[in-house]
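Participant: Let's see this in three dimensions:
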Amino acid sequence: MKYFLLCVIGFLVSCSHGAVTYQEQISKWIGKSEYVLYSTWGKPDKVFAMDETSYVWVYERANLKPHKDVYQHNFLYEGWKPIKYGQSQVETQYYCNTYFTIEYYTVVDVSFNGDDCY
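Facilitator: Numbers count the residues shown, from 1 in each chain. Model (predicted):
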């Protein structure tokens, strides 16, 4: 019985540590050069100058994610909300904006916002 409980606890601990958050993924860019960032992420969607040597690069992602509806057994798009008779459909855009703060050609800070960051 003790062996079984140890296995269950070990499994639960390993599952909880397996997922890497988006913040952990992008935090690895701190200390990297802007050239490496550019070669991996490509051209930023927006660039904001903070001063002569500091910039914020913004990468934007927006989409509609299809998912399987477990109750209806068919595929839906999460961006389309169910409607009542006589109402028009309203589309919800899922997005993720990722921000890299660059000083002297080096990434010094990262952040993000949105509901589609993974």
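
Participant: Can you list the helices and strands that the one helix or strand Val107 maps to packs against?
Facilitator: According to DSSP states H and E, Val107 maps onto strand 106-114. Packed against strand 106-114 by the contact rule (3 or more C-beta pairs under 8 Å, 6 or more residues apart in numbering; DSSP states H and E) you find helix 22-27, helix 34-41, strand 94-103. Heads up, the C-betas are built off the backbone N, CA and C, glycines and all.

Participant: Which of the ones you listed sits closest to Tyr59?
Facilitator: strand 94-103 (4.6 Å; C-beta to C-beta).

Participant: Pairing partners for that closest one, with directions?
Facilitator: With DSSP bridges as the test, strand 94-103 is paired with strand 54-63 (antiparallel), strand 106-114 (antiparallel).

Participant: want to throw those strands into a markdown table with mean neighbour count, distance to Asp45 and mean pLDDT?
Facilitator: Shown next, in a markdown table, are the strands paired with strand 94-103 (neighbours: other C-beta atoms under 10 Å; distance: least, C-beta to C-beta, whole Å; pLDDT from 0 to 100):
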| stretch | mean neighbour count | distance to Asp45 | mean pLDDT |
| --- | --- | --- | --- |
| strand 54-63 | 15 | 4 | 93 |
| strand 106-114 | 15 | 13 | 96 |
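
Participant: for those, which one sits closest to Tyr94?
Facilitator: Between Tyr94 and the strands paired with strand 94-103, the shortest separation by C-beta to C-beta is 6.1 Å, and it involves strand 54-63.
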